[in-house]
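Undergrad: sequence first, predicted coordinates after that:
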Amino acid sequence: MSIGTGIGTSRETDELRDLYRELILDHAKKPRHFGKLEDATHIAEGINPLCGDKLRMYLLVDANDKISDARFEGSGCAISVASASLLTETVIGMATERALQFFAAMVRRLAGRPDLQSDADVIDDIDLGKLRALEGVKEFPSRVKCATLAWHALNSALRQDARQVSTE
Amino acid sequence: MTTAVRGNLNAVPPAAERIDSARADFPALAQEINGNPIAYLDSAASSQQPASVIDTVAEYQRHDHANVHRGVHTLSHRATEAYEGARDSLARFINAGSRSEIVFTSGTTGAINLVAQSWGRPRLRQGDRILITHLEHHSNIVPWQIVCEQTGAELVVCPINLRGEVELETLLDLMDSRVRIVALAHVSNALGTILPLERIIAGAHARNIPVLVDGAQAVPHMQVDMQRLDCDFFAFSGHKMFGPTGIGVLYGKESHLDAMPPWQGGGDMILEVRFDGTTYNELPYKFEAGTPNISGAIGLGAATEYLLALGMDRVQRHEAELLTYLVQKLVAIEGIRLIGTAEHKASVQSFMLDEIHPHDLGTILDHQGVAIRTGHHCAMPVMDFFEIAGTARASLALYNNRQDIDRLADALISAKEVFA
């Protein structure tokens, strides 16, 4: 990634570089597992009313409660598309219960909600791996919803508690 | 009474003499954002306030606050004088026929809902039509949808062309005998299009159809004259014309307002209350139930005086020049697609840059101190028309200058580099 000199050379530049990391831009431009999953067992839509972005999450959960496939479709900003793409890479092959733990960990890490740290044991247990690339949003409060949209959709799909979730 | 805010709000010195120095009147524009001086290009969402507005409101809060139209004591008298003085300023600003045609509301949205419920609901029947256009803000769509649900009336939408214009002939053709009211924007908030209102209103009146104008995006940019325009209702907001939030105006022709029942009941809107019946207050108080937003109205009065002193003709000339410069700078950037290219436009320009999502653009620009709006601009049908989820939008006000636009252009070029 090349950030031009016009952007400045301060702490702010580092924050911006941190937000739009190579990995994020790569997933935003070439999202993995993008498209419809015909034989999905769980489907949910996520909508960000702030910008109108909408995505649909498809999951195929097998008899052993394992996510054997995941796909998504929709349009969104670089952060929301990259987040959805990284999500699919992360959860394929994962037990649904484990995926829900990842959801909780992601929302807590990115939204930085200290009131939820009583569940710290759940977070500590989880190595977010590649998903850490999304942690740059912590410096951009207005963008946290972009990064968590796909995760909220995953949560909703697995719990089947709503067909459409909102980040509001 | 030396500290009283006077009716005409002259307690604070009025605006700068020349438009070029007006920027210095706005304290918020003297700050840095992320280490860069702010280039505020989001006035269509909410404009900044001049010191005279901020100081007038502060003076009122410090010295003159009390409830209006009630007490016999000094503070209540001062508050009432200032509140009603603001109404006088506004009546002058839009050249209303009388001060009783100026109803204070919470904003444009509140004003349109008032008309939909008080004018529309008792009149509309199954088979009646409400005519709007495709470029309306949600606040001039949803109140009508609600009253349609309540009455069985039908909402009819006039299409726009690819430049984002409402074509006069198309609109006139839709004004058939079933249309009970036409509700449309003076200026599109997402596209900047200025509608040919005088001809539209004349055409509607020739068919005996009243017209409501959403003027929120017009009043900060141009002279509006109720008597010349001859519209039946005109709604606008304080915070888009350099005043506070939570205050706005419904202008209505006296004959309409007189014939309408109150929308909300409560204090201030009554003359006499008995359990066997209540006599409503005269105009405009009939529509101002409850203690109003007194400080908001006084602040809006100060903003109005500021604009009257500056002269809207000067504002309009300054912005027309800036808009031309903005468009020149934008089209010089490879990959820019302008959304909204009407022949007659106010200083609002929506655009897309390459495949970059507007939200990402907004974040990158903000990091360089350039504030723009990104998203659907509360005009989702407009976005659907252009088959996009949202746009980036730069909107100019009287305090912007060429440097702001240069900064925008530089920031857009650096955003291209990030996504190269």
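TA: Everything's here; your move.

Undergrad: isn't residue B:247 right next to residue B:299, touching?
TA: Yes: counting by Cβ atoms under 8 Å, residue B:247 touches residue B:299, with 7.1 Å between them. For every residue, glycine as well, the C-beta is placed using N, CA and C.

Undergrad: identify the contacts common to these two.
TA: Each of residue B:238 lies in contact with both residue B:247 and residue B:299 under the rule Cβ atoms under 8 Å, 6 or more residues apart in numbering or on different chains.

Undergrad: which of the two has more neighbours?
TA: More neighbours surround residue B:299 than the other of residue B:247 and residue B:299, with 30 against 26 (other Cβ atoms under 10 Å in any protein chain shown).

Undergrad: list the contacts for the closest residue to residue B:49 other than its chain neighbours?
TA: Distances taken as Cβ to Cβ, 6 or more residues apart in numbering or on different chains place residue B:242 nearest to residue B:49, at 5.6 Å, with adjacent residues excluded. Contacts for residue B:242 were tallied using Cβ under 8 Å, 6+ apart; they are B:47, B:48, B:49, B:50, B:53, B:220, B:303, B:306, B:307, B:397.

Undergrad: so what pLDDT did residue 145 get?
TA: Let's take chain A. We have a pLDDT of 90 for residue A:145.

Undergrad: wait, I meant chain B there
TA: Residue B:145 is given a pLDDT of 98.

Undergrad: wasn't residue A:104 part of a strand?
TA: No: counting by DSSP: H, G, I helix; E, B strand; the rest coil, one finds residue A:104 to be helix, located in no strand.

Undergrad: flag the shaky bits of chain B, pLDDT-wise.
TA: B:1-17 (pLDDT under 70).

Undergrad: and the helices in it?
TA: B:51-59, B:74-93, B:108-114, B:121-123, B:142-151, B:168-174, B:197-206, B:226-229, B:254-259, B:294-310, B:312-331, B:358-366, B:380-385, B:402-418 (DSSP state H).

Undergrad: buried sites along the fourth one?
TA: Within helix B:121-123, the residues scored as buried using 16 or more other Cβ atoms under 10 Å in any protein chain shown are residue B:121.

Undergrad: quick one: distance of that helix to the chain centre.
TA: Offset of helix B:121-123 from its chain centre (Cα atoms, centre = their mean, to the nearest Å): 26 Å.

Undergrad: list the contacts of it.
TA: B:147, B:150, B:151, B:180, B:261.

Undergrad: next structured bit after the helix or strand bottoming out on mean pLDDT in chain A?
TA: Least confident element among the helices and strands of chain A, by mean pLDDT, DSSP states H and E: helix A:120-124 (a mean of 52). As assigned by DSSP states H and E, the chain's next helix or strand after helix A:120-124 is helix A:144-159.

Undergrad: run the contact check for that next one versus chain B.
TA: Yes: contact between helix A:144-159 and chain B, assessed by Cβ under 8 Å from any Cβ of the partner chain, occurs at residue A:146.

Undergrad: which strands and helices sit next to that helix?
TA: Using 3 or more Cβ pairs under 8 Å, 6 or more residues apart in numbering or on different chains; DSSP states H and E, the elements in contact with helix A:144-159 are strand A:42-48, strand A:53-61, helix A:78-91, helix A:96-111, strand A:164-166.

Undergrad: how far away is the spatially closest residue to residue A:139 that is not a sequence neighbour from residue A:135?
TA: Nearest residue to residue A:139, sequence neighbours excluded (Cβ to Cβ, 6+ apart): residue A:15, at 4.6 Å. Separation of residue A:15 from residue A:135 (Cβ to Cβ, to the nearest Å): 11 Å.

Undergrad: for residue A:68, grab phi and psi.
TA: The phi/psi pair for residue A:68 (degrees, to the nearest 10) reads phi -90, psi -20.

Undergrad: so what's it up against?
TA: A:60, A:61, A:62, A:92, A:93.

Undergrad: just put the helices and strands packed on helix A:144-159 in a markdown table and tack on mean neighbour count, mean pLDDT and distance to chain B.
TA: Shown next, in a markdown table, are those (neighbours: other Cβ atoms under 10 Å in any protein chain shown; pLDDT from 0 to 100; distance: least, Cβ to the nearest Cβ, whole Å):
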| stretch | mean neighbour count | mean pLDDT | distance to chain B |
| --- | --- | --- | --- |
| strand A:42-48 | 21 | 91 | 9 |
| strand A:53-61 | 23 | 92 | 6 |
| helix A:78-91 | 26 | 95 | 5 |
| helix A:96-111 | 19 | 89 | 15 |
| strand A:164-166 | 16 | 55 | 15 |
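
Undergrad: make a markdown table out of the ones you listed and add distance to residue B:322.
TA: Compiled in a markdown table, the helices and strands packed on helix A:144-159 are given as follows (distance: least, Cβ to Cβ, whole Å):
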| stretch | distance to residue B:322 |
| --- | --- |
| strand A:42-48 | 32 |
| strand A:53-61 | 31 |
| helix A:78-91 | 30 |
| helix A:96-111 | 39 |
| strand A:164-166 | 37 |
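
Undergrad: so what's the residue count around residue B:109?
TA: Counted with other Cβ under 10 Å, residue B:109 comes out at 21.

Undergrad: sorry, slip of the keys, the one I care about is residue B:206.
TA: 10.

Undergrad: swap in the one 3 residues further on?
TA: By the other Cβ under 10 Å criterion, the neighbourhood of residue B:209 contains 19 residues.

Undergrad: is it true that it touches residue B:177?
TA: No: contact between residue B:209 and residue B:177 fails when scored by Cβ under 8 Å: they sit 9.4 Å apart.

Undergrad: how near is residue A:22 to residue B:69?
TA: Following Cβ to Cβ, the distance that separates residue A:22 from residue B:69 is 64 Å.

Undergrad: between those two, which one's more packed in?
TA: Neighbour count, other Cβ under 10 Å: between residue A:22 and residue B:69, residue B:69 has more, with 16 against 10.

Undergrad: show me what contacts residue 83?
TA: Unless you meant another one, I'm taking chain A. So residue A:83 contacts A:134, A:146, A:147, A:148, A:149, A:150, A:151 (Cβ under 8 Å, 6+ apart).

Undergrad: ah, no, chain B please
TA: Residue B:83 touches B:68, B:292, B:294, B:297, B:298, counting by Cβ under 8 Å, 6+ apart.

Undergrad: go on, residue B:218?
TA: So residue B:218 contacts B:186, B:187, B:194, B:224, B:236, B:346 (Cβ under 8 Å, 6+ apart).

Undergrad: tell me the spacing between it and chain A.
TA: 25 Å (Cβ to the nearest Cβ, to the nearest Å).
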